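1. here is a sequence together with a model predicted from it:
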Amino acid sequence: LLLSATPIQQRQTEYLSLLKLLNPDTYENMTIERFEGLLEKSRYLKDIIHELVRDLNYYIEDELGDEYIEIFEEINEELEDEILEKLIYMIDVDSEDQGLEMVRVILAYISNNYEIEKQIIRNRRIELSNKMAKRDYEIIYYPMVGSEVNFYERDTYDSLIEYLDAVQDNNLDKLVVVSEIKRLFLSALLSSPWALYSLLELRKSYIEGTESKEGILNTHNKLIRKIPIFEGERELLQNTIFYCENWLGESEKEFNQIEYLYENPQLIKGRLMHVADYLHENFFDEKVVIFTQWKETAEKFEEFLIKKFSEGEVASFYKGKSLEELELAVDRFQGDENCKLLICDNLGGEGRNFQMADVVFHLDLPWSPIDLEQRIGRLDRIGRSIDKDVLSIVIISEDTMEEDLFNLWNKGLNIFSESLSGIEI
């Protein structure tokens with residue numbers, strides 16, 4: 001039976017009849033009056049969310065934090081959503097960005113969960129809980145070390161924070177853009193030196209007027225160009241590049257000492273080497289989907305994994321590959337017993353089914369809960385054995401804002417233990 005709700009959404013009696021066929025537990029006894037109210041609520045949300053998104057550009061300038069909180073609370077009086085209630089409570093209007101980042105998270109959450117056209121014919125997880133595998137997680141903590149042990153990751157972190165603070169101080173009239181830039185650069189730093197170096201070089205070439213065609217077409221270049229060059233920026237940026245280059249070089253050296261470091265794991269310093277060691281020790285014969293936000297990280301880690309394991313054991317799925325290459329990678333990972341590791345960027349989190357995998361490994365953390373849900377949702381699907389937990393492995397650098405980000409997603413939203421939204425089938 002192949003059905004579509006789209007053409008009949010304005011004919012509400014037929015729409016409700018269709019939903020009764022698809023989800024009788026929810027809609028069988030629903031009256032047309034109640035259903036019309038549900039549709040009206042969805043239309044109300046769509047309009048109000050559109051207005052809130054439109055006004056984000058004026059959020060900091062007009063100090064709209066308290067107004068947004070009030071509107072969110074009014075919305076939740078209708079929705080009675082416990083997760084949304086927690087998120088609203090986490091808006092801090094006295095913070096540096098006046099709670100803007102959390103407001104963005106809330107808008108994404110509401111849009112993802114309450115668009116009637118997308119969600120009304122989905123089975124909610126609470127209705128399927130006895131048919132779904134449980135979620136679980138493990139954390140790998142590692143110390144971010146610096147020049148005191150000749151590695152420079154901590155030095156790069158400190159230098160980047162200093163640079164981003166200067167970007168903010170010199171662009172107080174562009175705080176929304178500054179917030180986006182800070183999130184972008186910190187996301188790269190908390191992924192790999194290759195990811196960060198690509199951004200630093202983009203900004204440097206813009207300042208020096210030496211942009212290449214490839215750089216101009218880079219997806220992040222438009223955002224990076226929104227901040228005007230300010231006095232003293234060249235020196236601050238070059239200082240960060242200096243430390244990043246040293247960090248990158250030392251990371252390359254680690255890759256070239258794989259066997260020695262496996263025998264002496266206490267000498268491992270870098271994030272990716274910690275991950276490789278953990279995979280080798282704990283999941284040597286299991287299928288693992290490895291996610292990163294950054295193509296640069298995916299490319300380098302793929303190279304490293306092939307060096308450690310073999311080309312036949314590693315597949316990859318990230319931007320820049322042809323459609324044929326992507327499909328071949330998925331087929332190999334799903335059907336070849338010898339192919340154990342699949343490394344993906346965000347492209348792998350969109351619409352793919354990897355429920356046969358044993359583990360999802362997060363090389364870095366997204367700054368959006370929706371992106372994180374998409375990752376875990378590739379394994380957490382109807383049809384997965386309920387006896388096979390959906391295990392997330394998260395690597396966290398100690399004493400950095402990455403710990404705060406993890407706590408937000410884990411303690412604030414409980415996303416590693418339960419889904420944020422319904423499951424599409």
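-> Alright, I've got the coordinates.
2. center of the protein - which residue?
-> P366 (2.5 Å; C-alpha atoms, centre = their mean).
3. run through the stretch 51-200 of the chain and note the low-pLDDT ranges.
-> Scanning the stretch 51-200 of the chain with the threshold set as pLDDT under 70 gives 112-131.
4. tell me which stretches of it form strands.
-> Using DSSP state E, counting those that start in this stretch, the strands of the stretch 51-200 of the chain run over 135-142.
5. swap in the stretch 201-350 of the chain?
-> 288-291, 314-317, 341-344.
6. which one of those lies nearest to K411?
-> Shortest separation from K411 across these is recorded for strand 288-291, at 20.9 Å, computed as C-beta to C-beta. Glycine gets a C-beta too; all of them are placed from N, C-alpha and C.
7. before we move on, the earlier item: and the pLDDT for the residue nearest to the centre of the chain?
-> P366 carries a pLDDT value of 93.
8. K319 too?
-> 90.
9. tally up the residues packed near it, please.
-> 13 (other C-beta atoms under 10 Å).
10. same question for H280.
-> 14.
11. wouldn't it be in contact with Y262 here?
-> Yes - under the criterion of C-beta atoms under 8 Å, H280 makes contact with Y262 at 6.6 Å.
12. follow-up on the earlier one: which one is the residue nearest to the centre of the chain nearest to, not counting chain neighbours?
-> L372 (4.9 Å; C-beta to C-beta, 6 or more residues apart in numbering).
13. what sits against that neighbour?
-> The neighbourhood of L372, defined by C-beta atoms under 8 Å, 6 or more residues apart in numbering, consists of H362, L365, P366, W409, I415.
14. so of the residues you listed, which ones are in strands?
-> Members of the contacts of L372 lying in strands (criterion: DSSP state E): H362.
15. just give me the closest of the contacts of L372 to E78.
-> Distances from E78 to the contacts of L372, taken as C-beta to C-beta, are shortest for I415 (23.6 Å).
16. what is the burial count for the nearest residue to that closest one once chain neighbours are set aside?
-> Nearest residue to I415, sequence neighbours excluded (C-beta to C-beta, 6+ apart): W409, at 4.9 Å. By other C-beta under 10 Å, the residues close to W409 number 21.
17. please apply the same query to F309.
-> Residues near F309, counting by other C-beta under 10 Å, number 17.
18. contacting residues for the spatially closest residue to it that is not a sequence neighbour?
-> Closest residue in space to F309, ignoring its immediate chain neighbours: L341 at 6.9 Å, by C-beta to C-beta, 6+ apart. The contact partners of L341, taken as C-beta under 8 Å, 6+ apart, are L279, K287, V288, I290, L305, F309, E313, V314, A315.
19. quick one, what contacts the fifth one?
-> Going back to what we said before, that points to L305. A276, E313, V314, L341, I343.
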